[in-house]
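>>> Structure of the sequence below:
(one chain, ligands or ions: 1)
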Amino acid sequence: MAERFDILVIGSGIAGLSFALKSAESGHKVGIVTKKHQAESNTNYAQGGIAVVTSATDDFDLHVKDTLIAGDGLCDESVVRKIIEEGPKCVKELIEIGLEFSRENAESYSLGKEGGHSERRILHVADMTGKAIETALVGSVNSHPNITTFEHGFVIDLITAKKLHQVADDADISEDRVLGVYVLDVLTGGIRTLAANAVLLASGGAGHVYPFTTNPSIATGDGIAMAYRAGVPVQNMEFIQFHPTTLYSESPKRFLISEAVRGEGALLRNLEGERFMDAYDERAELAPRDIVARAIDEEMKKSGSTHLCLDITAKDEAYLKERFPSIFNACLDQGINISKDWIPVVPAAHYLCGGVVTNLNAETGLPGLYACGEVACTGLHGANRLASNSLLEALVMAHNGADAVNHFMGDVDMSTPDLPDWIDGEMSDPDERVVITHNWDELRKAMWDYVGIVRTTKRLQRAKKRIELLSNEINDYYWNFKVEPQLLELRNLALVSDLVVRCALKRKESRGLHYTLDFPEKSAELYNTNTTLSD
Ligand code: SIN
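Residues are numbered from 1 along each chain as shown. This next block holds a predicted model:
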């Protein structure tokens, strides 16, 4: 028997929690489903901060211009303007629930600078902005009587009218409707059926399609995959942002060295100690991220080195400990005192600029389904996200989405049908689990080798073939055995990888984060043209 909610939120980062709070305040009964514990999200790891216009020397036009330049001809200007203009109001609400941004003094905030920004405009809490945001939001969510949180709940798939054969198989997506979700309780292995009139996807990105990423282990593209399986269009999946500077180590988990460190004067050097960024772009270390990551990739390939160096030794230890406490300590744990030693850095997968297509109300093509944050593609980021614009987007879109859902709830027919329980496959055969671990490694290696910072058509086609083979094996396994988290993640990663490669093959030019040696120039014809997949 299904448990009923007005609204279900999948994910517990800034987008999901802000949206849940706002919806609960409108009187709706809200369920939040989160894969691990409540505070584990991409938001939690954000170091940089929120790009928002607050200073007297800054203005909306400048922020819009910087975003459009970084986005390289693919941003939707009306979306960019609206999100940027609504930023200050939404950030004020975060401050009202207790978030305290770092300050210069009682009158003014400390504003960070990052690549592509012409002004200092990043509100931050030292270098732990995401954690501070999560703490503030989790506190408010947990004390709200209209919100129930299901931790360790893995959403397997959306339940739609079409899947229940309540509308024809070939009906247009706009005639379909979301009715709820099936959730695997990771701790017990049981599967719950949750019914709702509206569902928000706020499940973050998909950094784990690559073996080296700054993202926490939850970032496996679940929301994108389940939306696509329900027939919802996704777009611009080729635009994977590689962060230029993550701490080089033997571990695949890459610790982020925030771009704010370059904003405070850090220089990139090769292993000979020479600076190189000004040979690539006049903005040097503060060029947009796509340019810096590509330059590092090229320097590493030229010299055959495994990493390069970031030098912030011009700043003293006391300053660095206060401004970048978590970076200072993480490096010190590796024996690197960043006030004296250069930091070994290497690029790693960081952010997905594409995703589930939404309008400015966070509405997807499927009635009742909304998407906010990294899972969504609103048109803000275009071909390359401007640093620290993502928390801004998540916050503003959560507010817009909550308003839109509130209207939708007034219109929708509340008599949702009874939902059938999940039907389990056979018990899994432990001997076969090796298929999961093996395919997990093979998939991500193929993505790293063939769908990285620099691409070619041949490499993309090679990746496509491998992903097809792996997907067939994974789907066989999915349909024949009992579901478990690693299998569900792998199934989603395989689908998301396929979407990335198919979008990349469609884009016959180099623009923003998509750089291919076969089409090294931008195509004027593809200006403002998104790569959309919906079948
Ligand atoms: C960083 O601090 O460099 C990351 C910020 C972001 O990805 O926007």
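>>> contacts, neighbours, all on C-alpha from now
Will do.
>>> element containing Ser18?
If you go by DSSP states H and E, Ser18 is part of helix 14-25.
>>> That helix and the ligand in contact?
No: residues of helix 14-25 are not located near the ligand by C-alpha under 6 Å from any ligand atom, the shortest gap being 13.5 Å.
>>> Describe which strands the helix or strand that that helix is followed by pairs with in its sheet and in which direction.
Following helix 14-25 in sequence order, the next helix or strand is strand 30-33 (DSSP H and E). Sheet pairing for strand 30-33, assigned by DSSP bridges, gives strand 3-10 (parallel), strand 147-150 (parallel).
>>> May I have strand 30-33 as PDB, with CA atoms only?
Extracted C-alpha coordinates of strand 30-33, given in PDB (Å, rounded to 0.1, in the frame of the first residue of the first chain):
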ATOM      1  CA  VAL A  30       6.300  16.900   1.700                       C
ATOM      2  CA  GLY A  31       8.400  13.800   1.700                       C
ATOM      3  CA  ILE A  32      12.200  14.100   1.100                       C
ATOM      4  CA  VAL A  33      14.000  11.000  -0.200                       C
END
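>>> export the one helix or strand Glu85 maps to as PDB, just CAs?
Element membership of Glu85 [criterion: DSSP H and E] is helix 77-96. C-alpha atoms of helix 77-96 as PDB (Å, rounded to 0.1, in the frame of the first residue of the first chain):
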ATOM      1  CA  GLU A  77      19.900  35.300 -21.900                       C
ATOM      2  CA  SER A  78      16.400  35.800 -20.500                       C
ATOM      3  CA  VAL A  79      17.000  32.900 -18.000                       C
ATOM      4  CA  VAL A  80      20.400  34.300 -17.100                       C
ATOM      5  CA  ARG A  81      19.000  37.700 -16.300                       C
ATOM      6  CA  LYS A  82      16.000  36.400 -14.300                       C
ATOM      7  CA  ILE A  83      18.100  34.100 -12.200                       C
ATOM      8  CA  ILE A  84      20.700  36.800 -11.500                       C
ATOM      9  CA  GLU A  85      18.200  39.400 -10.700                       C
ATOM     10  CA  GLU A  86      16.200  37.100  -8.300                       C
ATOM     11  CA  GLY A  87      19.500  36.100  -6.500                       C
ATOM     12  CA  PRO A  88      19.700  38.700  -3.800                       C
ATOM     13  CA  LYS A  89      16.200  38.200  -2.600                       C
ATOM     14  CA  CYS A  90      16.600  34.400  -2.300                       C
ATOM     15  CA  VAL A  91      20.000  34.700  -0.600                       C
ATOM     16  CA  LYS A  92      18.400  37.100   1.900                       C
ATOM     17  CA  GLU A  93      16.100  34.300   2.900                       C
ATOM     18  CA  LEU A  94      19.100  32.000   3.600                       C
ATOM     19  CA  ILE A  95      20.500  34.700   5.800                       C
ATOM     20  CA  GLU A  96      17.200  34.900   7.600                       C
END
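>>> Next, the contact list for Leu310, please.
Thr245, Ala266, Leu267, Leu268, Arg269, Trp342, Ile343, Pro344, Val345 (C-alpha atoms under 8 Å, 6 or more residues apart in numbering).
>>> Go through those residues and give me the one with the most neighbours.
Thr245 (30 neighbours; other C-alpha atoms under 10 Å).
>>> Quick check, that one in contact with Ala260.
No: taking contacts as C-alpha atoms under 8 Å, Thr245 lies outside contact range of Ala260: 10.7 Å.
>>> helix or strand for Leu179, which one?
strand 178-185.
>>> Pull up the pairing partners for the helix or strand following that strand, direction included.
Next in sequence after strand 178-185, counting helices and strands by DSSP H and E, comes strand 191-201. Its sheet considered, strand 191-201 pairs with strand 3-10 (parallel), strand 178-185 (antiparallel), strand 369-371 (parallel) by DSSP bridges.
>>> And the contacts of strand 191-201?
Contacts of strand 191-201 with the rest of the structure, by C-alpha under 8 Å, 6+ apart, involve 1-11, 16, 178-185, 223, 368-372, 375, 405, 409, 412, 414, 416, 419-422.
>>> Quick check, Glu317 in contact with Leu332.
No: assessed by C-alpha under 8 Å, Glu317 is found out of contact with Leu332, at 11.6 Å.
>>> More neighbours: which of the two?
A direct count of neighbours by other C-alpha under 10 Å for Glu317 and Leu332 places Glu317 higher, at 15 against 12.
>>> Which residues are in contact with that one?
Glu317 neighbours (C-alpha under 8 Å, 6+ apart): Ile338, Ser339.
>>> cool, and Pro347?
Applying C-alpha under 8 Å, 6+ apart, the residues contacting Pro347 are Phe242, His243, Pro244, Thr245, Thr246, Ala293, Ile296, Asp297.
>>> let's see 10 Å
212-214, 241-248, 254, 256, 292-294, 296-297, 307-308, 453 (C-alpha atoms under 10 Å, 6 or more residues apart in numbering).
>>> ok, so of the contacts of Leu310, who is nearest the ligand?
Thr245 (7.9 Å; C-alpha to the nearest ligand atom).
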